[in-house]
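> below is the sequence, then the predicted model.
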Amino acid sequence: MKNNSDARRDFPRGMSRTGPVLFSYGFRPFFLASALWAIASLDLWVAHLSFGLPVASDYGTVYWHAHEMLFGFAPAVLAGFLLTAIPNWTGRLPIAGRPLAILFAIWCAGRIAMLLSGSIGIVLASAVDSLFLPVMLVICAREVVAGRKWKDLKVIAGLFILSLANLVFHIQVIEAAGPELAIRLGVGAYVLLVTIVGGRILPSFTRNWINQFGRTDFPIPYNSFDAATIIIGAVALVLWASVPDSTATCGTAGVAAILNTIRLVRWRGWTTWPEPILFVLHATFMFVPFGFAAIALQASGWLPEVGVLHIFAIGTISMMMLAVMTRATRGHTGRKLKSSRMTNISYALLGCVALVRPLAELVPALSTEILAVAAIGWTAAFGLFVVEHAPLLWSGRKPLMMKGG
């Protein structure tokens, strides 16, 4: 008879063998729903701007748009990633079946409640929406603690900040105050998670890719420099959230931009250009130092805050999420880790959006045209993901490969 550790090693990652395929592993429902919501929520926002379509009017359509990008779309991708990655980190079995379906239903309820906030009231809508992130926090914390993976508590801290930021966002809207603090706090939490998790997966994936060619020009592994860079970046993000226009924010963000640039160079990402599904991770991380440099420019009065937010929100957060979604979907459904032409086009489209969208505030005479191009690019990028990857997510189990007899 096998003991529990043997059972964990033999468990076919990504595949509960019974029940709906969609709820066999966390990445399946959340990656699919997040991409669909990325398209639907942005198109609703565009319809509001173009045709005056009433969307969450009592909550404030501008605030609804910001909220649904930061606390609707993005947490779903984060949930799909963490529910897939944490079992690999801890060796514990993944959340699947009914518990996963319930968690997914809580996320869906939040999206519906926010849309219906004018009918059910913004307090009730906010209460329903505020459930998902704390539930995710409890689930992930339980798994990390049970698996005794104490170093991964940094990720749990990021989830806690996101939960807090979402709550503060709702409170500020209910009190008729602008939720700018909550927006910066939420964006900062995602950026911090990218610097932590990205620093874990990029060097590892790059080393594995280089090693298969018999080369030894490996990335520099995680060391005290990486830890110091993350800490300084965290301080810069806290200062940006609390005192965005201060001299301290400008200086600390400038240092964080330089350190993150050096960190990216140490990972030798340019060597991976023949493999777009890997190279895109490095290209995406470039927006981390870009974003910190933008914070320094904002604090100096050279760049509007909206521009900074979109550099981080699209370049750092959304591009990294699209890159991880494509890679994880292919890997956990038994496909080769090779990006198709369609996937590469989606990467290029979203990268262009990340570069173009911040220009809307810098070139106000062309803001309408810039926003239209950005919306089309965003919709097309996630639309291509849905077209190519939806069949992999809702059907087709990974081939069962068991060890031993």
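It's in. All values reported here derive from a predicted model rather than from experimental measurement. Numbering: from 1, shown residues only.
> who are the contact partners of the most centrally placed residue in the chain?
Residue closest to the average C-alpha location in the chain (CA atoms, centre = their mean): M321, at 4.3 Å. Shown in contact with M321 (CB atoms under 8 Å, 6 or more residues apart in numbering): 34, 74, 77-78, 81. Quick note: C-beta positions are derived from backbone N, CA and C, even for glycine.
> care to break the chain down by domain?
1-178, 180-394 (automatic domain parsing).
> compare the mean pLDDT across those and name the weakest.
Ranked on mean pLDDT, the bottom entry among these is domain 1-178, at a mean of 90.
> and it, how far out from the chain middle?
Computed by CA atoms, centre = their mean, to the nearest Å, the chain-centroid distance of domain 1-178 equals 11 Å.
> all helices for the stretch 151-300 of the chain, in order.
For the stretch 151-300 of the chain, the helices defined by DSSP state H, counting those that start in this stretch occupy 153-174, 180-211, 224-242, 247-266, 276-285, 287-299.
> can you list the neighbours in contact with the last one?
Same thing as helix 287-299. In contact with helix 287-299 (CB under 8 Å, 6+ apart) are residues 191, 194-195, 198, 233, 236, 240, 244-247, 249-251, 253-254, 256-258, 260-261, 264, 303-305, 307-308, 311-312, 315-316, 319, 354, 358.
> same question, the first one
Residues from elsewhere that reach helix 153-174, judged by CB under 8 Å, 6+ apart: 59-60, 63, 67, 70-71, 75, 78, 82, 122-123, 126, 129-130, 133-134, 136-137, 140-141, 144, 178-179, 181-183, 185-186, 188-190, 192-193, 196-197.
> quick one on the thing from earlier: just the element for the residue nearest to the centre of the chain, please.
helix 319-332 (DSSP states H and E).
> likewise for G301?
For G301, there is no host helix or strand (DSSP H and E).
> re the thing from before, in ChimeraX, how would I select just the buried ones from the contacts of helix 153-174?
Here is the ChimeraX selection string for the buried members of the contacts of helix 153-174, based on 16 or more other CB atoms under 10 Å:
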select :59,60,63,67,70,71,75,78,82,122,126,129,130,133,134,136,137,140,141,144,179,181,182,183,185,186,188,189,190,192,193,196,197
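> buried residues, stretch 92-103. List them.
Per 16+ other CB under 10 Å, stretch 92-103 contains these buried residues: 92, 94-96, 100, 103.
> gap between the residue lying closest to V308 once chain neighbours are set aside and S24?
Spatial nearest neighbour of V308, chain neighbours left out: A294 (4.4 Å); criterion: CB to CB, 6 or more residues apart in numbering. Counting by CB to CB, to the nearest Å, the gap between A294 and S24 amounts to 40 Å.
> comparing those two, which residue is more hemmed in?
Legend: neighbour count by other CB atoms under 10 Å for A294 and S24, higher for A294 (26 against 23).
> can you tell me how far L281 is from F73?
When distance is defined by CB to CB, L281 is 20 Å away from F73.
> higher neighbour count, the two?
F73 (26 against 22).
> apart from its chain neighbours, what residue comes closest to the more buried one?
F73 sits nearest to A38 (CB to CB, 6+ apart), 4.8 Å away.
> which residues does the one you found contact?
73, 318, 378, 382.
> equivalent analysis for P20, please.
Shown in contact with P20 (CB under 8 Å, 6+ apart): A101.
> host element of A380?
Using DSSP H and E, A380 falls in helix 367-394.
> buried set for that helix?
Applying a neighbour-count criterion of 16+ other CB under 10 Å, one finds 370-371, 373-375, 377-386, 388-389, 392-393 buried in helix 367-394.
> tell me how far it lies from the chain's centre.
Relative to its parent chain, helix 367-394 has a centroid offset of 16 Å by CA atoms, centre = their mean.
> check stretch 205-222 too.
Centre to centre, stretch against its chain (CA atoms, centre = their mean), the figure for stretch 205-222 is 25 Å.
> use 15 as the first number for this chain going forward.
OK, 15 is where the count begins now, so the last one is stretch 219-236.
> contacts for that stretch, please.
By CB under 8 Å, 6+ apart, stretch 219-236 touches 213-214, 216-217, 280-283, 285-286, 289, 292, 295-296.
> same thing but 7 Å
213, 217, 280-283, 285-286, 289, 292, 295 (CB atoms under 7 Å, 6 or more residues apart in numbering).
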